[in-house]
Each structure stands twice: as structure tokens, then as C-alpha cells.
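Novice: sequence and predicted structure, then a few things I'm wondering about:
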Amino acid sequence: MEGIKQTLDGLGVKKELSIIDMTDDDFEWLRWLDNLFNKNHVVLSKKEQKLFQRTKIANLELLFSFEKVRDGEYRVGNAFEDKDEFRLPLVADSSVTMPIYSCLPVEAFVSLDNIPYEDMVKSYERIQKPLPDALTAANFDVLHMLEAYDKTNSTRLFSAIKEIADWLYSHESFPSEIAYLNRMQIVKRERVLTDSEIDELLDFADEMTDKQMKLGTLILADEHKQAKRIFNRLNANEQKYFMSYPIAKFFHTS
């Protein structure tokens, strides 16, 4: 079992493996992983393999990358180590370099156990130097991660959210009003806002011309009557879009 623990540690898994829940297939998977990651990482397969594949082992779920070496041969790695950034095809011959985190659905932040949360900011920093849009990608990741946190209450996930939000707040090129609202909704998940913080939010709302930004600010300040009036002025698509944001968790619609 020591070799298996070392393999899981190498994959960045912090969650304890539940031995009691393991099946014969799970043990076989772990032996395969232990052998694979302590040798050449190469597997043979006549079947075409997807670039990313998720695997469940007992109570763990892991994401691996499969890089084609030649026909029928693939190099298997930890997706977040080998492919922490990659080129995402768009249209025609264009593509964009993105952090792998920005391509994960919300539920992946809920279920995957080998996401290296502590390294996320470093990944954005590497990409941000040649690609300023990495700031926007990081912001969307914060929103996805907040949605995942509201389902899990994971302290490790929450720590990563705060670190990324602080990093965005420190960048002058990123819209300060978005960074501010993200920080405040993070704080509101930790504790009750102080009177001075609420006053600051209300002053901020007075300055906002964007309806959805003003709406989010009023919700954080618990000014739900005013918020409802603004919400009712939005069209159906705008309302649906706003309610998809994690800040809507605090909206008292009734």
C-alpha cells in the first residue's frame, strides 16, 4: 500500500482513499497506476483515446491526460501536471491558450480529487504574460468554483477561490468593480458583513450604471426590495442569466 500512497501523493490527491469501499477492479486500477507512474507512463491501445479521461477508484475521481506518441501508443499523465495549459481550437485555423481549469465544468470542481488548487494562480500567471485574457478566464473559474463550493463546503476549494480572487484584485488591468464584488461575495460566505462593509456596498451601488452589477451589489447589502425592483426591469433572458451567477444564492426572491 505504500507504493499506492506514493502514487496518489504524486497525483496531488489530498483526500484519504477509502480502502473499505474498494472493489477488486479498484485494486487492479491502483496496481496499474502504480506500475504506470513508476515506469514509463506508456500504454498500448488499438482504440483511439480521448485527450482527457476521468477514472473513479473507490471514493476518488481522477483526471488523466492521454498523449498520443504514435499509432497505438499513448503516454498517460496527470492532466493537471502535463496539461496545465493547452491550445483550445476555436474556428478555422484559430485557437487560444487556456489553463486547463477554465475548461472544467462546475461539477468537476465538485468531484475531481487531483486538482492542484495550490498551483492555480501560478498557472494563470504563466499564461497571463503572453495572454491578458487569462484574467478573464480566472474570473470565470472563480464563479464556477464558488458554485462548486456552495455544493461541497470544501475548505481547500474555498482557500483557492480566495487566493485567485485576491490575485485578480491586485491587477490594475482587471475591472476593479468585478474584483470587488467577487471579494465581497466571498466574505459574505464566511461571515456576516459589518455595517461599514454594507455602507461601502451601498455607496458602490449608487455609482453603478450597469443594472446587473447594481443588482448584485444590493443583494450583498441585503437591500432586497430595491434589488427586486431592478430584477423585475430585466428581460426574461437577463433574469435567467443573472440567476445563473453564484451571487444569486443570496437573493431573496420571495
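Specialist: That came through, no problem. Here the structure is a predicted model, which means the values were calculated and not measured.
Novice: from here on, just use CA atoms for contacts and neighbour counts.
Specialist: OK.
Novice: do a quick rundown of the helices in the chain.
Specialist: 2-10, 24-37, 79-82, 106-111, 120-128, 134-152, 155-169, 176-190, 195-207, 211-220, 224-233, 236-243 (DSSP state H).
Novice: what's the first one in contact with?
Specialist: The one in question is helix 2-10. Under the contact criterion C-alpha atoms under 8 Å, 6 or more residues apart in numbering, helix 2-10 has outside partners 30-31, 33-34, 37-38.
Novice: can we see that at 6 Å?
Specialist: Helix 2-10 has contacts (C-alpha atoms under 6 Å, 6 or more residues apart in numbering) with Asp34.
Novice: that one vs helix 24-37, what angle?
Specialist: Here the directions of helix 2-10 and helix 24-37 differ by 70 degrees (axes from the mean of the first three to the mean of the last three C-alpha atoms, to 10 degrees).
Novice: circling back: please identify the deepest-packed of the helices of the chain.
Specialist: Of all the helices of the chain, helix 211-220 has the most neighbours on average by mean count of other C-alpha atoms under 10 Å, namely a mean of 22.
Novice: what average pLDDT does it get?
Specialist: Helix 211-220 carries an average pLDDT of 96.
Novice: contacting residues for Asp113?
Specialist: Per C-alpha under 6 Å, 6+ apart, neighbours of Asp113: 13, 61-62.
Novice: one more time with 10 Å, if that's ok
Specialist: Going by C-alpha atoms under 10 Å, 6 or more residues apart in numbering, Asp113 touches 8, 11-16, 56, 59-63.
Novice: repeat that for Ala160.
Specialist: Contacts for Ala160 (C-alpha under 10 Å, 6+ apart) come out as 116-121, 142, 145, 166.
Novice: for it, give its distance to Gly12.
Specialist: According to C-alpha to C-alpha, to the nearest Å, Ala160 and Gly12 sit 15 Å apart.
Novice: report the distance from the lengthiest strand in the chain to the chain centre.
Specialist: In the chain, taking DSSP state E as the definition, the longest strand is strand 60-70. Remark: strand 60-70 is offset 19 Å from the chain centroid, using C-alpha atoms, centre = their mean, to the nearest Å.
Novice: packing partners for it?
Specialist: When contacts are defined as 3 or more C-alpha pairs under 10 Å, 6 or more residues apart in numbering; DSSP states H and E, strand 60-70 sits against strand 42-44, strand 52-57, strand 73-78, helix 79-82, helix 106-111.
Novice: these: lowest mean pLDDT?
Specialist: Taking the mean pLDDT of those, strand 42-44 comes last: a mean of 70.
Novice: can you lay out the helices and strands packed on strand 60-70 as JSON lines showing distance to Ile4?
Specialist: Conversion of these to JSON lines gives the following (distance: least, C-alpha to C-alpha, whole Å):
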{"stretch": "strand 42-44", "distance to Ile4": "18"}
{"stretch": "strand 52-57", "distance to Ile4": "12"}
{"stretch": "strand 73-78", "distance to Ile4": "15"}
{"stretch": "helix 79-82", "distance to Ile4": "18"}
{"stretch": "helix 106-111", "distance to Ile4": "21"}
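Novice: which one of the ones you listed lies closest to Glu67?
Specialist: Of all the helices and strands packed on strand 60-70, it is strand 73-78 that lies closest to Glu67, at 5.1 Å by C-alpha to C-alpha.
Novice: great, nothing more from me.
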